[in-house]
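> Can you look at this prediction? I've put the sequence above it.
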Amino acid sequence: MAGGGMSRVPPRKKTAGAVATVKVSPGMTAAELSEQVERLSAGAVFLGGFGDAGVVLAFGPADGSVSDRDLLAAVVGSLAPEDFATGRGR
């Protein structure tokens with residue numbers, strides 16, 4: 001996951017808020033991670049983490065209104081082709 005990033009997926013009709021993602025990857029600095037976390041809404045709660053060496057952390061509203069579908073759409077939407085690169089060229 002090159003450089004990390006933040007992605008927002010707007011809610012579907014059945015949700016009451018957006019899912020925000022924070023990408024964490026080897027070599028990322030604490031300052032880069034902090035910058036992403038600071039952009040989260042104050043009421044966002046940790047919903048789950050996905051990945052292994054590169055990780056996507058998902059945050060959303062505390063009311064439990066985020067569907068599994070919206071959660072996974074946000075995680076997949078935060079990924080870029082370089083996130084799937086094999087060991088070559090990294």
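Thanks, I have the structure now. Note that the structure is predicted; figures quoted are calculated from it, not measured.

> Would it be right to say that Val56 lies in a helix?
No - the assignment for Val56 by DSSP: H, G, I helix; E, B strand; the rest coil gives strand, which leaves it out of any helix.

> That one - how many residues pack around it?
24 (other CB atoms under 10 Å). Backbone N, C-alpha and C define where each C-beta goes, glycine included.

> so what's it up against?
Residues in contact with Val56 (CB atoms under 8 Å, 6 or more residues apart in numbering) are 1, 21-24, 49-50, 75, 78-79.

> Give me the phi and psi for Arg39.
Reported as degrees, to the nearest 10, the phi and psi values for Arg39 are phi -80, psi -10.

> Would you mind measuring from it to Val56?
Taking CB to CB, to the nearest Å as the measure, Arg39 and Val56 are separated by 15 Å.

> which residue ranges form the helices in the protein?
According to DSSP state H, the chain carries its helices in the segments 30-38, 68-77.

> Return the most buried member of those helices.
The highest mean neighbour count among the helices of the chain, using mean count of other CB atoms under 10 Å, belongs to helix 68-77: a mean of 16.
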